[in-house]
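Colleague: I would like to see how this sequence folds:
(chains A and B)
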There are 2 protein chains.
Amino acid sequence: MRVSLGAITLVYPTPVFVVGSYDEAGRPNIMNAAWGGICSSKPPSVAVSIRPERHTHRGILKHHAFTISIPSAKYAREADYVGLHSGRDVDKFAMTGLTPVRSDLVAAPYVKEFPLVLECRLLNTLELGAHTQFVGEILDVKIAEGMLGDDHAPDIRKIDPILFSPSDRFYYRVGESVGKAFEMGKDALVPET
Amino acid sequence: MRVSLGAITLVYPTPVFVVGSYDEAGRPNIMNAAWGGICSSKPPSVAVSIRPERHTHRGILKHHAFTISIPSAKYAREADYVGLHSGRDVDKFAMTGLTPVRSDLVAAPYVKEFPLVLECRLLNTLELGAHTQFVGEILDVKIAEGMLGDDHAPDIRKIDPILFSPSDRFYYRVGESVGKAFEMGKDALVPET
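Modeller: Numbering: from 1, shown residues only, chains lettered A, B, ... in the order given. Now for the predicted structure:
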């Protein structure tokens, strides 16, 4: 038996993207966005949806750039704070103790303390009702050196990213591995007849 | 010290969306997509990026509709299978033992065995290089009755969704709770001076 929940925005998981931009006055600002994800492999690009009334919205449009900093679980409070307050009213870096770093590649700041950052040039702006979707070309991904594994690849356990669950509105860590993608499903699951 | 990984498509987490559509011949088909996410609250909408060469691409364009079925961890193999094979060559429902259910609302099938499904009407099509981004208006979200908690809300523990990690290409379960969103970050984290 299936129950209808109506026309709601519910998927699992959604990300915790801390979106960095300079505002119209050039001040570094960050916000928390769960509506987004990778949207093309070539050019490598990421989409993030932001309401027009948000301070970040103007900053991205002015500077044609944004960053996405991915917080570790230990920074969940900081990530939540920057989603609840506006850069119009407070300096969110100062209020969280986080440190803005100016990207070398685009006119946007990222968060020094967070393990993984994407530096993006604004490619596309799509009006989707309550939200504007910003599509950014990923010019570089930078990782804190200590977050690499023995194979010199990003180690999800060290990065310790979080996800947002829209139903109960909790943040969660990544749990146990279920299997290898592009491999565990190679063969058909039912015997051929 | 920060290390540059180059212009790659790396965020954590990415979802495991099993996208359902009828193909041009009207046959039910499903594929696995990790590039996507919610993209607006009003109208409630979800974006999913699919390469033009995929069989699903044609199906969505023909029928102006798709579904997203969210697999539980126990269906990770099935979800992986439908990402590795083409509906041009095989009947992916038959090969996985999954059951197509025709949506009442749109011309697309969803997966009976998966706990959560979104039924979407195609709103927008955006060409983003290697991928086309399909934006769907979420007309309804349906959940298997047993996946509701005592409060009659969707229970993420029962649903047991998975995520995809693009760096190591593993699927993971959702782990421990880190805290309550829109609450844990209410107050500033550094004392005001």
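Colleague: Next, see if the helix or strand hosting A:Leu163 gets close to chain B.
Modeller: Using DSSP states H and E, A:Leu163 sits in strand A:162-165. Yes. Under the criterion of C-beta under 8 Å from any C-beta of the partner chain, strand A:162-165 makes contact with chain B via A:Ile162, A:Leu163, A:Phe164, A:Ser165. Just so you know, the C-beta spots here come from the backbone N, C-alpha and C atoms, and that holds for glycine as well.
Colleague: which stretches of chain A form helices?
Modeller: Secondary structure of chain A by DSSP state H: the helices cover A:55-63, A:76-84, A:92-96, A:156-159.
Colleague: Pull out the buried residues from stretch A:44-61.
Modeller: By neighbour count, with 16 or more other C-beta atoms under 10 Å in any protein chain shown as the criterion, the buried positions of stretch A:44-61 are A:44-51, A:54-60.
Colleague: Repeat that for stretch A:1-11.
Modeller: With burial defined by 16+ other C-beta under 10 Å, the residues of stretch A:1-11 counted as buried are A:Leu5, A:Ala7, A:Thr9, A:Leu10, A:Val11.
Colleague: does it come close to chain B?
Modeller: Yes. Using C-beta under 8 Å from any C-beta, we find that stretch A:1-11 touches chain B at A:Met1, A:Arg2, A:Val3, A:Ser4, A:Leu5, A:Gly6, A:Ala7, A:Ile8, A:Thr9, A:Leu10, A:Val11.
Colleague: Spatially nearest residue to the fifth one (excluding sequence neighbours)?
Modeller: In other words, A:Leu5. Excluding the flanking residues, the one nearest A:Leu5 by C-beta to C-beta, 6 or more residues apart in numbering or on different chains is B:Val141, at 4.4 Å.
Colleague: check contacts around the one you found.
Modeller: A:Ser4, A:Leu5, A:Gly6, A:Ala7, A:Ile8, A:Leu10, B:Leu116, B:Val117, B:Leu118, B:Glu119 (C-beta atoms under 8 Å, 6 or more residues apart in numbering or on different chains).
Colleague: can you rerun that using 6 Å?
Modeller: Listed by C-beta atoms under 6 Å, 6 or more residues apart in numbering or on different chains, the contact set of B:Val141 reads A:Leu5, A:Ile8, A:Leu10, B:Leu118.
Colleague: Verify the contact between A:Leu139 and A:Asp104 for me.
Modeller: No. Counting by C-beta atoms under 6 Å, A:Leu139 sits too far from A:Asp104 to count as a contact (9.5 Å).
Colleague: Which of the two has more residues huddled nearby?
Modeller: Relative neighbour count places A:Leu139 above the other of A:Leu139 and A:Asp104, with 18 against 10, counting by other C-beta atoms under 10 Å in any protein chain shown.
Colleague: Run through chain A and note the low-pLDDT ranges.
Modeller: A:191-193 (pLDDT under 70).
Colleague: where do the strands sit along it?
Modeller: In chain A, the strands defined using DSSP state E lie at A:2-6, A:14-15, A:17-22, A:28-33, A:36-41, A:44-50, A:65-70, A:100-102, A:109-111, A:116-127, A:132-144, A:162-165, A:170-180.
Colleague: Mind listing the strands the second one pairs with, and their directions?
Modeller: Translated: strand A:14-15. Take DSSP bridges as the rule and strand A:14-15 pairs in its sheet with strand A:162-165 (antiparallel).
Colleague: which other residues reach the partner strand?
Modeller: Contacts of strand A:162-165 (C-beta under 6 Å, 6+ apart): A:Pro13, A:Thr14, A:Val16, A:Ala34, A:Ala73, A:Ala76, A:Tyr171, A:Tyr172, B:Pro13, B:Ile156, B:Val178, B:Ala181.
Colleague: what's the answer for stretch A:60-73, then?
Modeller: Under the contact criterion C-beta under 6 Å, 6+ apart, stretch A:60-73 has outside partners A:17-22, A:24, A:79, A:103, A:106-108, A:110-111, A:114-122, A:134, A:136, A:160-162, A:173, B:12, B:178.
Colleague: if we can go back for a sec, which one of the residues of stretch A:1-11 next to chain B is nearest B:Ile30?
Modeller: Distance ranking of those against B:Ile30, using C-beta to C-beta, places A:Val11 first at 16.0 Å.
Colleague: Tell me how far the closest one lies from B:Leu148.
Modeller: Note on A:Val11: its distance to B:Leu148, by C-beta to C-beta, to the nearest Å, is 17 Å.
Colleague: repeat for A:Leu123
Modeller: Going from A:Leu123 to B:Leu148 by C-beta to C-beta gives 40 Å.
Colleague: ditto for A:Phe93
Modeller: The gap separating A:Phe93 from B:Leu148 is 41 Å, by C-beta to C-beta.
Colleague: Settle it for me: which of those two has more neighbours?
Modeller: Neighbour count, other C-beta under 10 Å: between A:Phe93 and B:Leu148, A:Phe93 has more, with 21 against 17.
Colleague: contacting residues around that one?
Modeller: A:Pro28, A:Pro100.
Colleague: what do you get if the cut-off is 7 Å, keeping everything else the same?
Modeller: Contacts for A:Phe93 were tallied using C-beta atoms under 7 Å, 6 or more residues apart in numbering or on different chains; they are A:Pro28, A:Thr99, A:Pro100.
Colleague: Reformat those as TSV; add neighbour count.
Modeller: As requested, the contacts of A:Phe93 are arranged in TSV below (neighbours: other C-beta atoms under 10 Å in any protein chain shown):
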residue	neighbour count
A:Pro28	23
A:Thr99	13
A:Pro100	21
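Colleague: re earlier: buried subset of the contacts of stretch A:60-73, written for ChimeraX?
Modeller: Selecting only the buried entries of the contacts of stretch A:60-73 in ChimeraX, with 16+ other C-beta under 10 Å as the criterion:
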select /A:17,18,19,20,21,22,79,103,106,107,108,110,111,114,115,116,117,118,119,120,121,122,134,136,160,161,162,173 /B:12,178
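Colleague: For A:Ala188, see how far away the nearest residue to A:Ile8 once chain neighbours are set aside is.
Modeller: Of all residues not flanking A:Ile8 in the chain, B:Val141 sits nearest, at 5.4 Å (C-beta to C-beta, 6+ apart). Distance of B:Val141 to A:Ala188, computed by C-beta to C-beta: 30 Å.
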